[in-house]
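> Got a predicted structure here, sequence first:
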Amino acid sequence: MNNDNYIIEAKKLSKVFKVHIRDREGMLSALSSLFFRQYDYVNAAKEINLGIIQGTIRGLIGPNGAGKSTLIKMLTGILFPTSGSINIMGLNPWSDRIKYVNNIGVLFGQKSQLIWELPAIDTYSYYRKMYTIPIDSYKDTLKYFTNLLNIKDVITKPVRNLSLGERMKCELVCALLHNPKIVYLDEPTIGIDVTAKQSIRNMIKKVNKDRNTTFIISTHDLYEIENLCDEITVLNNGSVIYNGTLEKLRMLSSKKKVEITFFNKADKNKVVKMWNLNQTMNNTIKFDLDVTKYSYKETIIYLLQNFAIKDINLSSINIETVIEAIYNQK
Amino acid sequence: MKYIIKYLSLYIEYSKIIFARGTEFKTDFVLGICINLISTLFTPLFQFLIYHNTRGYPGWTFDEIILFQSILLFWNGIILTLFGSIRYRITPMIIYGHFELFLLKPYPALLLIFAGGFNYYSIGTILAGIILSIYALIKLNLIIGFIQILLFWTFFFIGILFYLSIMIFFLCISFILIYIFNLFEIKDRLISLAHFPAEIYSGLFKTIYLIFFPLAIWTYYPSQTFLGKLNIISIYACISSILMFILSLIAWNFTIKKYTGAGG
């Protein structure tokens, strides 16, 4: 994996955590853990290779504990990897930390960067000084984002009085205020309503398009992945299972959904009996066709030639099913 | 120099935010300042009682003790005002993983920790320290020259380095042990040994107090400076303080690499 176009390039990235475990509950166990501790070693990331081109929106998906947050933390320079290397914009996130973080924005859905008691505008003002953003540029950027997210009145209210959706929009502005080249979003829409989610998605798309900003988004929301991301990385048990486009991922599935409606019940019953199907309704049958075993084309031709068929509906397995199948491959 | 100015302006900005946060809750703000002022006034009263009900401190007159106490008040006020909030902020930040937000900012994480240390409650203590110092200097009929002022501020700034080194070592331990609130209690008890003059210690403890772990640099040497009794040993205390500070930075750089964060 060597590509000059990559803005982010990770090679054989691994992270092992030493975690204290207590196999019994109760006070005695707690007391004994003061003297004798058991530890477990968790491989949160296993030799991850990753290459991301500038200006793309990359989705990171995987079940809980798959290593998404660990990967983001290593990419952002928060965690030192146990082994492996990262090159982002020609920088090493640890040795060039100060220079590097000037060019990235980060939003953790579960960790607020805003000052809880004060209006978001106070946090923005503090960040302006922290990132030494010129006042005119700051005003323009703030206006651009507040208009995009429609939060002009929201940013002047104390953060503690905001709804989760409003707060998340303000958090997003905070991550983007210094015009970073790369933005990491760890579950940016967790727990927020459909309208706010859509508004955040639209903003990400717009910023990506207008400013060629690269986004790395970790999420459990597959709708978000389908509607936002150019490419995805699927993680499970600390390993990358898939890197590429959604379309290619869909094609990885060996099954196609087939739905056939017959003109008469007799034909339907014949097919049901022949293929031992159980998903039927009136004159319609539904089944998954494994294209590695049966030819897609020949199956359809056979059906059309031998039965009176009113309608055939062919579709790929939906992305949720594909990903669920991947998650289950432990 | 440019970097120091940048850091100081960041410190001032964050201090303004801490102040604004405090004023959001008016009653707590006013109550906090009042309680702090009252407890500050008790410190000289406590020393007065100790002095009159015991044999006092060997070699110290009552007015000299008041001078010592006033410098102590001033020093405590400064330290608590500049860095008093750190202990309350840092423990939850490490436990719940919010500390990692510091690592995403274009400043050394240690500077950001200290930049969030401002605690306005202790401003009253500084004022009390200044007023009491002026009273003690007048009472003792002391004339303070340029050299004494220079020495006082030298001890003051090196004393801050020494204090920061202790804080940094405790922060390092906190990264390893995660929950450290009681550890800060130990630090407080340790630091409170500086609340008494060197004359109450003897033998090895006195040497440690004066040179190797120079708690004397905060109050004892500055008061000796004003009283014209400063000893050459104080130079070693300055060297120890600077060495401690350098060592603490090395320890910090080593420990920060061990940071594991909290789960996602």
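Great, that's in hand.

> tally of neighbours for residue A:90?
Neighbour count of residue A:90, defined by other C-beta atoms under 10 Å in any protein chain shown: 10. Glycine gets a C-beta too; all of them are placed from N, C-alpha and C.

> show me the contacts for it.
Contacts for residue A:90 (C-beta atoms under 8 Å, 6 or more residues apart in numbering or on different chains) come out as none.

> any idea how far it is from residue A:55?
17 Å (C-beta to C-beta, to the nearest Å).

> Same check on residue A:82?
Distance of residue A:82 to residue A:55, computed by C-beta to C-beta: 31 Å.

> Mind telling me what element the residue of chain A found nearest chain B is part of?
Nearest to chain B in chain A, going by C-beta to the nearest C-beta, is residue A:69, at a distance of 2.5 Å. In this assignment (DSSP states H and E), residue A:69 forms part of helix A:68-76.

> now do residue B:190
Using DSSP H and E, residue B:190 falls in helix B:181-191.

> mind checking how far that helix is from the chain centre?
Put simply, helix B:181-191 sits 13 Å off its chain's centre (C-alpha atoms, centre = their mean, to the nearest Å).

> next helix or strand past it?
Per DSSP H and E, helix B:181-191 leads on to helix B:203-207 as the next helix or strand towards the C-terminus.

> Can you give the contact residues for that following helix?
Counting by C-beta under 8 Å, 6+ apart, residue B:198 sit against helix B:203-207.

> Tell me the residues of the stretch 1-150 of chain B that contact chain A?
Residues of the stretch 1-150 of chain B lying near chain A by C-beta under 8 Å from any C-beta of the partner chain: B:6, B:9-10, B:13-14, B:17, B:20-21, B:24-25, B:97-98, B:100-101, B:103-108.

> Leaving aside the residues adjacent along the chain, what's closest to residue 227?
Unless you meant another one, I'm taking chain A. residue A:201 (6.3 Å; C-beta to C-beta, 6 or more residues apart in numbering or on different chains).

> hmm, I had chain B in mind actually
residue B:64 (6.3 Å).

> Whatever helix or strand that neighbour lives in: which residues count as buried?
Using DSSP H and E, residue B:64 sits within helix B:62-83. Buried residues in helix B:62-83, counted by 16 or more other C-beta atoms under 10 Å in any protein chain shown: B:63-83.

> again, but for stretch B:15-35
By neighbour count with 16+ other C-beta under 10 Å, stretch B:15-35 contains the buried residues B:15, B:17-18, B:21-22, B:29, B:32-33.

> In strands only, show me these.
Among the buried residues of stretch B:15-35, DSSP state E puts none in strands.

> Using JSON lines, lay out those residues together with distance to residue A:298 and pLDDT.
What follows is those, written out as JSON lines (distance: C-beta to C-beta, whole Å; pLDDT from 0 to 100):
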{"residue": "B:15", "distance to residue A:298": "76", "pLDDT": "87"}
{"residue": "B:17", "distance to residue A:298": "71", "pLDDT": "86"}
{"residue": "B:18", "distance to residue A:298": "74", "pLDDT": "85"}
{"residue": "B:21", "distance to residue A:298": "72", "pLDDT": "81"}
{"residue": "B:22", "distance to residue A:298": "77", "pLDDT": "82"}
{"residue": "B:29", "distance to residue A:298": "80", "pLDDT": "82"}
{"residue": "B:32", "distance to residue A:298": "81", "pLDDT": "82"}
{"residue": "B:33", "distance to residue A:298": "85", "pLDDT": "80"}
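
> Now the two most distant members of those.
Greatest spatial distance among these (C-beta to C-beta): B:17 and B:33, at 17.9 Å.

> what about residue A:118, how many neighbours?
Neighbours of residue A:118 (other C-beta under 10 Å): 20.

> Tell me the spacing between it and residue A:161.
In terms of C-beta to C-beta, residue A:118 sits 11 Å off from residue A:161.

> do the same with residue A:93
For residue A:93, the distance to residue A:161 - C-beta to C-beta - is 36 Å.

> who has more neighbours, the two?
Shown here are residue A:93 and residue A:161; by other C-beta under 10 Å, residue A:93 has more neighbours (25 against 10).

> pLDDT score for residue 259?
I'll assume chain A. As predicted, residue A:259 sits at a pLDDT of 86.

> could you do chain B instead?
The model reports residue B:259 with a pLDDT of 70.

> which residues of the stretch 51-200 of chain A fall in strands?
Taking DSSP state E, counting those that start in this stretch as the test, the strands found in the stretch 51-200 of chain A are A:57-61, A:83-88, A:104-108, A:182-186.

> Same list (these) but as CSV, adding mean pLDDT, distance to residue A:151 and mean neighbour count.
Below are the strands of the stretch 51-200 of chain A laid out as CSV (pLDDT from 0 to 100; distance: least, C-beta to C-beta, whole Å; neighbours: other C-beta atoms under 10 Å in any protein chain shown):
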stretch, mean pLDDT, distance to residue A:151, mean neighbour count
strand A:57-61, 93, 22, 24
strand A:83-88, 93, 30, 16
strand A:104-108, 93, 15, 25
strand A:182-186, 94, 17, 24
